[in-house]
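> Quick one: sequence plus predicted model below, questions after.
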Amino acid sequence: MISIILLVSLFSLLIGFSYVIVSTISNYKEDMKNNTIINATLIGDYCAVPLDFGMSENAQETLEKLQNIPSVKIGIVYNNENEIFAEFYKNKSKIEVPLPVNNKSWSNFEGDYLNVFQNIIYDNKSVGTIYLKVSTAELTQKIRNYLITIGILLFALLFVSYFIALGLQGILSEPILKLTKATKDISEVGNYKLRVQKHGNDEIGILVDEYNKMLEKIFEREESLKQRTNELTITLGDLKQTQQKLIDTEKLAALGQLIAGVAHEINTPLGAIRSSIGNFKNSINIILNDYPAFVINLSERKKILFSSLIDESVNNPLVLSSKEERFFRKKITNILLDHGIENAHSYADTFVDMLVVENTEEYLELIQDKDAEAIIDMAYKLSGLQRSTTNIEFAAARASKVVFALKNFSRIGYADEQILTNIIEGIETVLTLYNNQIKQGVEIVKSYEEIPEILCYPDELNQVWTNILHNAIYAMDLKGQLVIKVYKEKEFVVVSITDSGKGILPSEIEKIFNPFFTTKPIGEGSGIGLDIAKRIIDKHNGKILVESKPGKTTFRVFLPINYTNE
């Protein structure tokens with residue numbers, strides 16, 4: 001407070017003193033100039049008659065009297081032809097001096113001197129000009145003394161202001177300092193019930209009253225804000241529960257849509273298992289009873305051919321269409337007929353069933369044996385047993401994969417903690433569940449680059465892949481091409497899903513993430529699938545983009561590699 005008062009006082013004094021100093025110095029100069037002009041006029045009057053009559057000696061005597069004026073250094077009288085008529089030099093040394101201009105009167109300060117030209121008038125006519133060069137040393141000293149006096153006065157006034165400020169501090173600043181301290185205490189403690197004590201009814205007292213009123217209003221608003229915050233916290237909790245229920249409901253709805261296909265996906269391998277077990281049971285008893293005696297009767301050469309026939313049958317990966325079966329059956333029949341084999345058609349059927357369709361000539365020795373039918377039948381049963389075992393393993397693995405995918409997908413409620421996950425596994429889980437719909441006419445094209453595992457909520461992301469893939473499959477009416485790409489782009493893992501469906505209208509593409517907006521017929525879509533997907537992506541600090549035109553719709557999901565929700 002003291003420093004402020006002193007600064008204000010100093011600023012005010014400087015402004016006032018500056019004006020006084022400039023005005024006084026200007027007056028000093030003006031007085032000196034006027035005095036010099038008066039002296040020049042008087043001396044000029046004394047020289048007027050000598051100038052008019054050409055008596056330069058008299059003018060010279062007049063100028064010599066300038067010796068008595070210490071400040072005058074040079075005095076010169078000019079006639080009307082600007083010729084020097086009489087002159088005086090204080091130090092007796094002549095120097096170059098200016099010439100009068102058209103006998104005009106003028107004056108100016110030049111360095112440490114004042115130059116004055118004054119026209120000399122006699123009998124109402126100009127008879128010449130007088131020039132005086134006057135030193136300003138006395139004026140400079142006078143100004144210096146004046147400035148010293150002013151400086152001392154300024155310092156004295158500041159000294160007085162300091163003691164005045166000390167007195168005013170108790171009157172003005174102390175209540176304000178107390179108000180400041182109270183404000184600091186209130187802000188640190190956060191207790192708006194505190195009040196500042198009033199010490200008078202002056203302006204400071206009015207300020208304290210208004211300050212206390214402000215604290216009262218802040219306290220009321222803080223209490224209202226706390227109550228509102230509690231209400232919003234409860235509402236937010238309810239909203240999160242509702243949102244979670246919506247996500248679970250959407251997952252159950254998707255699961256309900258998939259359940260028929262999933263049941264088929266499980267029934268298909270179970271049917272294969274039942275069929276293979278039936279074949280297994282029918283053949284195993286016969287083989288166990290007949291095989292020992294059968295093997296004993298085979299020569300070493302035929303044992304080798306017999307084993308080769310079974311191996312080729314079991315290890316052949318071919319899956320023949322009906323057209324291919326007819327082609328190979330006819331081809332093998334013709335080969336056997338050419339070698340005079342009876343029952344060529346029957347053998348050809350057996351070889352095709354065993355998938356031995358190439359190089360059948362290698363087994364002519366077996367077919368030409370007297371026990372050919374028993375040999376080929378035994379080979380057929382043994383290869384059938386091995387294929388049945390392979391089919392059971394494959395079907396069991398397929399059913400296990402579907403059950404595992406169903407188990408992962410159907411979990412309700414998500415973990416509160418993020419898990420390091422390879423998101424490709426989640427995509428494959430969803431594709432497994434949609435396999436029944438996909439295999440009806442959808443071509444899947446996958447392009448998976450090597451990507452790092454990311455911290456995420458995998459169950460929630462599975463819901464994203466479900467919503468996007470479900471929409472894509474049904475946008476193609478279960479027929480078309482589905483391209484799935486997973487790759488790394490800068491700090492993101494990107495999942496791109498493109499379908500060859502009819503596309504999304506430009507007028508609708510901005511609305512597809514709005515809740516309850518759907519382009520599907522009533523009863524086929526809730527309109528919250530993509531809204532939920534976007535919320536999940538936002539929760540992961542990612543983004544989802546969509547581009548669409550007829551025949552090509554692409555959803556791209558960007559997930560940060562270093563995402564954390566802490």
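Looks like it arrived, so ask away. Numbers count the residues shown, from 1 in each chain.

> So Leu461 sits against Gly426, correct?
Yes. In this structure, Leu461 is within contact of Gly426 by C-beta atoms under 8 Å, at 5.5 Å. The way it works is simple: take the backbone N, C-alpha and C, and place the C-beta from them, glycine included.

> which regions of this protein lie under the pLDDT threshold?
The chain contains residues with pLDDT under 70 at 1-6, 8-10, 165-179, 181-182, 185-204, 236-297, 318, 388-416, 516-528, 563-566.

> That one: strands as residue ranges?
Listed in chain order, the strands of the chain (DSSP state E) span 72-79, 84-89, 106-110, 113-122, 125-135, 419-421, 442-448, 454-456, 480-489, 492-499, 543-549, 552-560.

> okay, these in JSON lines with distance to Ser308 next?
Formatted as JSON lines, those follow (distance: least, C-beta to C-beta, whole Å):
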{"stretch": "strand 72-79", "distance to Ser308": "142"}
{"stretch": "strand 84-89", "distance to Ser308": "147"}
{"stretch": "strand 106-110", "distance to Ser308": "132"}
{"stretch": "strand 113-122", "distance to Ser308": "136"}
{"stretch": "strand 125-135", "distance to Ser308": "139"}
{"stretch": "strand 419-421", "distance to Ser308": "48"}
{"stretch": "strand 442-448", "distance to Ser308": "38"}
{"stretch": "strand 454-456", "distance to Ser308": "52"}
{"stretch": "strand 480-489", "distance to Ser308": "43"}
{"stretch": "strand 492-499", "distance to Ser308": "48"}
{"stretch": "strand 543-549", "distance to Ser308": "57"}
{"stretch": "strand 552-560", "distance to Ser308": "52"}
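
> nearest to Phe159, of those strands?
strand 106-110 (36.1 Å; C-beta to C-beta).

> For the closest one, which strands pair with it and how are they oriented?
Taking DSSP bridges as the criterion, strand 106-110 sits next to strand 113-122 (antiparallel) in its sheet.

> which residues are contacting the strand it pairs with?
The contact list for strand 113-122, computed with C-beta atoms under 8 Å, 6 or more residues apart in numbering, reads 32-33, 36-37, 40-41, 44-45, 47-49, 51-52, 73, 77, 98, 100-101, 103-109, 126-136.

> Make a ChimeraX selection of the buried ones in the residues you listed.
This is the ChimeraX syntax for the buried subset of the contacts of strand 113-122, where burial follows 16 or more other C-beta atoms under 10 Å:
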select :32,33,36,37,40,41,44,47,48,51,73,77,100,103,105,107,127,128,129,130,131,132,133,134,135,136
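
> Which one, of the strands of the chain, ends up nearest to Val314?
So among the strands of the chain, strand 442-448 is nearest, using C-beta to C-beta, at 29.5 Å.

> what packs against the closest one?
strand 480-489 (3 or more C-beta pairs under 8 Å, 6 or more residues apart in numbering; DSSP states H and E).

> tell me the helices in the stretch 201-350 of the chain, going along the chain?
In the stretch 201-350 of the chain, the helices defined using DSSP state H, counting those that start in this stretch lie at 203-296, 300-315, 322-338, 344-353.

> Over to the stretch 51-200 of the chain?
56-64, 137-168, 174-189.

> Lys213: which of those helices is closest?
helix 174-189 (13.5 Å).

> ok, back up a step: so which of the strands of the chain comes closest to Ile164?
Proximity to Ile164, assessed across the strands of the chain by C-beta to C-beta, is greatest for strand 106-110 (41.1 Å).

> Now find how far off-centre that closest one is within its chain.
72 Å (C-alpha atoms, centre = their mean, to the nearest Å).

> Need the phi and psi values for the closest residue to Lys479 other than its chain neighbours.
Once flanking residues are discounted, Lys479 sits nearest to Gly441: 3.8 Å by C-beta to C-beta, 6 or more residues apart in numbering. Dihedral angles of Gly441 (phi, psi; degrees, to the nearest 10) stand at phi 170, psi 10.

> And for the one 10 residues further on?
Phi and psi for Ile451, reported as degrees, to the nearest 10, are phi -130, psi 160.

> which ones are touching it?
Neighbouring residues of Ile451 by C-beta under 8 Å, 6+ apart: 422-424, 486-488, 493.

> Pull out the buried positions in stretch 348-355.
Applying 16+ other C-beta under 10 Å to stretch 348-355 flags 348, 350-352, 354-355 as buried.

> now these as TSV including distance to Asp477?
Below are the buried residues of stretch 348-355 laid out as TSV (distance: C-beta to C-beta, whole Å):
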residue	distance to Asp477
Ala348	42
Thr350	43
Phe351	42
Val352	37
Met354	40
Leu355	36
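
> Out of the residues you listed, flag the one nearest to Glu373.
The shortest approach to Glu373 among those belongs to Thr350, at 9.4 Å (C-beta to C-beta).

> Looks like the closest one contacts Ile375 (just checking).
No. Counting by C-beta under 8 Å, Thr350 stays clear of Ile375, with 10.8 Å between them.

> how much space is there between the closest residue to Pro98 other than its chain neighbours and Phe88?
Residue nearest to Pro98 in three dimensions, not counting chain neighbours: Asn115, with 7.0 Å by C-beta to C-beta, 6+ apart. According to C-beta to C-beta, to the nearest Å, Asn115 and Phe88 sit 15 Å apart.

> Looking at the two, which is more packed in?
Phe88 (21 against 18; other C-beta atoms under 10 Å).

> hey, what's the more buried one bridged with?
Applying DSSP bridges, one finds that Phe88 bridges with Gly75.
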